[in-house]
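A.B. asks: sequence and predicted structure below; questions after.
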Amino acid sequence: MIPVVARPVTAENFARYGKVYDLAEATDAGVVWTKGDGWDDGFTRTPLIDSPGHLGMTRGSSAPWSCAAMERHPLTEEALFCTAEPIVLAVAPASEADAPDQSEIEAFIIVPGQTVVMHKNVWHDACRGATRATPYYWMAVCGLGESPWIQVKGGPRQVQINDGPAA
């Protein structure tokens, strides 16, 4: 099995899957920046997802891992929030196919302060911590029907941080 090596997420390399916001650096044009006495903050110029969403938290184990199944949400975007530790997201393009294809899986490292918003129907696995088990927050509309986990067509794909040996 040829592993997929996660790379740092950017607005450019994630564009086919969704949007990226960087709330850690005051340089993201998609964010409104404000300052006060002893603080600064930013918020997205537009609502984060296209519907009122639910907030959730997932606790992911650590990379590397074998991405064997993915899910997708045809009726909602999903936002992922990285807070204290980097997380790794494995995705495959949105499609009408019955299963994600092993050869199309990509992986991205999301660092604290970054948020990604996946388009509807993007295949994805649960995130994992880049270096250790890590919780992360997500926002999506829940209660829209079942979102089954589907086995990856062609078998599992190893996801890792660098091209060194998998642990």
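C.D. replies: Perfect, thanks for sending it. Residues are numbered from 1 along each chain as shown.
A.B. asks: low-confidence ranges, this structure, go.
C.D. replies: Scanning the chain for pLDDT under 70 picks out 1, 163-167.
A.B. asks: tell me the residue furthest from the middle of it?
C.D. replies: Taking CA atoms, centre = their mean, the residue of the chain most remote from its mean C-alpha position is Asp37, at 33.4 Å.
A.B. asks: check contacts around Ala94.
C.D. replies: By CB atoms under 8 Å, 6 or more residues apart in numbering, the contact set of Ala94 is 17, 72, 119-123. In this view, the C-beta of every residue, glycine as well, is placed from N, C-alpha and C.
A.B. asks: of those - the most surrounded one?
C.D. replies: Ranked by neighbour count (other CB atoms under 10 Å), the contacts of Ala94 have Trp123 at the top, with 26 neighbours.
A.B. asks: how about that one, what does it touch?
C.D. replies: Counted by CB under 8 Å, 6+ apart, Trp123 has contacts 70-72, 91-95, 100, 150.
A.B. asks: likewise Arg16?
C.D. replies: Counting by CB under 8 Å, 6+ apart, Arg16 makes contact with Pro93.
A.B. asks: what about it, distance to Met57?
C.D. replies: Distance check for Arg16 against Met57: by CB to CB, to the nearest Å, it reads 27 Å.
A.B. asks: quick one: the nearest residue to Ser147 once chain neighbours are set aside from Trp39, how far?
C.D. replies: The shortest distance from Ser147 to any non-neighbouring residue, by CB to CB, 6 or more residues apart in numbering, is to Glu71 (4.9 Å). According to CB to CB, Glu71 stands 38 Å off from Trp39.
A.B. asks: between the two, which one's more packed in?
C.D. replies: Glu71 (16 against 7).
A.B. asks: in the sheet, who's paired with the most centrally placed residue in the chain?
C.D. replies: The chain has Leu89 as the residue nearest its centroid, 4.4 Å off, counting by CA atoms, centre = their mean. Beta bridges link Leu89 to Phe108, judged by DSSP bridges.
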